[in-house]
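>>> What follows is a protein structure lacking sequence information:
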Ligand code: ADP
Ligand code: GLC
């Protein structure tokens, strides 16, 4: 199959969260299965300045937004040597510090920036003569592509056999814009209805992807069920339900060439299942030094690496910080909402020497925390997948998670008797609930035998991409075998 992925971020070019990991990793695994892959990404300043090898392949193309002719260019780079990454260049839209916004909030012209991105992608397919069987679109930024294919381009022979798959990485980010932005899209007003991309009088690009794609996926089985309920549906539960026949929950995988303590290039000492004790000790010592923390030799260290958003529940960690700092230490790496950044820094000041905080996006430090901590905290309010839970298992850094979405699928409660399970989870969003999970975890940590069994069980969990890639492959084939043109 010829598969074109369209997304607003991917490693190693541009990343703000787990979406980038998925888009940088899944294509490689699909290539291993014998498919031909391409990826489309905006040519952000971050990409421009990232030192990647790029070449201009097409001097210019023009697309129309409202009545305005907008020019773009196409550049080409590559992933893993032979996967083409198509970069959509328009400096007015993408040559900015952030991907989606600045400290002041989202960029005001995001509707225009990502409408352009979708139209440019379709332009690219035509001008470069690409023949994708599947266009796999990720999140709201790519949501208009399925809409165009089922409306404006319905009879365009270049797309006659193309099928679309749309993946929801986070239903809370929908790309909702005023009705006044509708003309930008060039879509007919017939699409601006509750059955189409209209959402309470506004334009909703994520909804567009969900309604018009041939198949819809999300990144874990539990989240695929949760988003059909009022509690997790963010107002789109009815829309998601209406696609339930074509909705699939496929759990993300991990790229173990990047996230494996035996090969990790960012950590103080590499270690594996048999060298765990000494390796981890060195990584922990170096992490404590880096944050200027002082802990007793055997005291547990808790780590947290996260976008600092309401979703991630850092306020719950703040409530547990008193007890954590009495029994051990805590390191936090995060960036995001100012409110939560401030909260984290207050914890650092309050629990001086026990809590370390870095407000930044820092890839190497994320690896060091994953390796150097004993436990990894993920107290999310909701979590579509939660890649950090998958990554930390491999490092023998035991996840303590809230039982929601992908976290609920990834973590099986540890049973000291049988030695089964890989972590700890709690259900209620309360101080008592997180504390009770932390206490249970530290009890196991204090006893040599159960601790060893837990580590063994966690480190042998295998979440490589092969299985999910095969599930996507099956879904692509199914979608292609059905007659889905309107
Ligand atoms: P989400 O996509 O919702 O942010 P995930 O856990 O699925 O959550 O993925 C987050 C990814 O981003 C992981 O690879 C994690 O290590 C990384 N990450 C998050 N915050 C930071 C940060 N401040 N610095 C470095 N990496 C981060
Ligand atoms: C989103 C989700 C996260 C998921 C990631 C990759 O950002 O919040 O749970 O792991 O996408 O799919």
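Structure's in. What do you need? What you are looking at is a predicted structure, and each value in this text was computed from that prediction instead of being measured. Ligands and ions are numbered 1, 2, ... in the order given.
>>> Can you name the residues of the stretch 201-350 of the chain sitting close to ligand 2?
Counting by Cβ under 6 Å from any ligand atom, the residues of the stretch 201-350 of the chain close to ligand 2 are 219, 252. (Each C-beta comes from the backbone N, C-alpha and C, glycine too.)
>>> how about the helices in the stretch 201-350 of the chain?
With DSSP state H, counting those that start in this stretch, the ranges of helices along the stretch 201-350 of the chain come out as 205-212, 221-226, 237-242, 276-291, 314-327, 338-350.
>>> wait, which of these is closest to residue 387?
Among those, helix 221-226 comes nearest to residue 387, with 13.0 Å by Cβ to Cβ.
>>> Provide the backbone phi and psi angles at residue 478.
Here is the backbone geometry of residue 478 (degrees, to the nearest 10): phi -60, psi -50.
>>> State the mean pLDDT of stretch 28-39.
In this model, stretch 28-39 has a mean pLDDT of 97.
>>> which parts of it are buried?
For stretch 28-39, the neighbour count (16 or more other Cβ atoms under 10 Å) marks 28, 29, 30, 31, 35, 36, 37, 38, 39 as buried.
>>> so which of those comes closest to ligand 2?
Proximity of the buried residues of stretch 28-39 to ligand 2 (Cβ to the nearest ligand atom) peaks at residue 29, which lies at 14.6 Å.
>>> Now the closest one: phi and psi?
Dihedral angles of residue 29 (phi, psi; degrees, to the nearest 10) stand at phi -70, psi -40.
>>> which residues does it contact?
Residue 29 sits next to 253, 465, 466, 468, 469 when contact means Cβ atoms under 8 Å, 6 or more residues apart in numbering.
>>> Let me see the contact set for the last one.
With contact set as Cβ under 8 Å, 6+ apart, residue 469 has these partners: 26, 29, 30, 32, 33, 253.
>>> What of the first one?
If you count contacts by Cβ under 8 Å, 6+ apart, residue 253 has them with 25, 26, 29, 390, 463, 464, 465, 466, 467, 468, 469.
>>> ok, and the closest non-adjacent residue to the closest residue to ligand 1 within the stretch 151-300 of the chain?
The minimum distance from the stretch 151-300 of the chain to ligand 1, using Cβ to the nearest ligand atom, falls at residue 170 (6.3 Å). Take residue 170 and drop its neighbours on the chain: the residue closest to it by Cβ to Cβ, 6 or more residues apart in numbering is residue 384, 5.4 Å away.
>>> repeat for residue 149
Using Cβ to Cβ, 6+ apart, the closest residue to residue 149 is residue 159 (5.6 Å).
>>> From what I see, the one you found and residue 146 are in contact.
No - counting by Cβ atoms under 8 Å, residue 146 is not a contact partner of residue 159; they are 10.9 Å apart.
>>> For the two, indicate the residue with more neighbours.
Taking neighbours as other Cβ atoms under 10 Å, residue 159 and residue 146 compare with residue 146 leading, 26 against 20.
>>> part of a helix, is that one?
Yes - using DSSP: H, G, I helix; E, B strand; the rest coil, the secondary structure at residue 146 is a helix.
>>> Test my guess that it contacts residue 209.
Yes - using Cβ under 8 Å, residue 146 is in contact with residue 209, at 5.6 Å.
>>> Pull up the overlap in contacts between these two.
Common contacts of residue 146 and residue 209 (Cβ under 8 Å, 6+ apart): 137, 166.
>>> Where does pLDDT dip in this structure?
484-486 (pLDDT under 70).
>>> Check the separation of the first and last residues in stretch 423-431.
For stretch 423-431, the first-to-last residue distance is 19 Å (Cα to Cα, to the nearest Å).
>>> hmm, back to that, can you check which residues contact both of residue 159 and residue 146?
Going by Cβ under 8 Å, 6+ apart, no residue sits against residue 159 while also sitting against residue 146.
>>> follow-up on the earlier one: which of the contacts of residue 253 sits closest to residue 224?
Using Cβ to Cβ, the contacts of residue 253 come closest to residue 224 at residue 468, 13.4 Å.
>>> From ligand 2, how far off is that closest one?
Per Cβ to the nearest ligand atom, to the nearest Å, residue 468 is found 11 Å from ligand 2.
>>> Quick check: that residue touching residue 254?
No - Residue 468 lies out of contact with residue 254 (Cβ under 8 Å); the separation is 10.0 Å.
>>> which of the residues in stretch 189-207 are buried?
The neighbour-count check on stretch 189-207 (16+ other Cβ under 10 Å) flags 191, 192, 196, 197, 198, 199, 202, 203, 204, 205, 206, 207 as buried.
>>> Now do the same contact list for the residue nearest to residue 170.
Applying Cβ under 8 Å, 6+ apart, the residues contacting residue 384 are 168, 169, 170, 171, 218, 219, 220, 223, 405, 406.
>>> Now, the residues you listed that are in strands?
Counted as lying in strands by DSSP state E, out of the contacts of residue 384, are 168, 218.
>>> Check this structure for its longest helix and report it.
helix 110-127 (DSSP state H).
>>> list the contacts for the closest residue to residue 17 other than its chain neighbours?
The spatial neighbour of residue 17 that comes closest, neighbours along the chain excluded (Cβ to Cβ, 6+ apart), is residue 307 at 5.5 Å. Contact analysis of residue 307 by Cβ under 8 Å, 6+ apart lists 16, 17, 334, 335, 336.
>>> partner residues bridging the third one?
Judged by DSSP bridges, the bridge partners of residue 334 are residue 306, residue 359.
>>> What is the burial count for it?
The criterion is other Cβ under 10 Å. On that basis, residue 334 has 24 neighbouring residues.
>>> Use 55 as the first number from now on
Sure, I'll start numbering at 55, so the last one becomes residue 388.
>>> Do I have it right that it meets residue 397?
No - at 10.0 Å, residue 388 does not count as touching residue 397 under the criterion of Cβ under 8 Å.
>>> now the strand or helix carrying residue 73, how far from the centre of its chain.
Taking DSSP states H and E as the definition, residue 73 sits inside helix 72-86. Helix 72-86 sits 11 Å away from the centroid of its parent chain (Cα atoms, centre = their mean, to the nearest Å).
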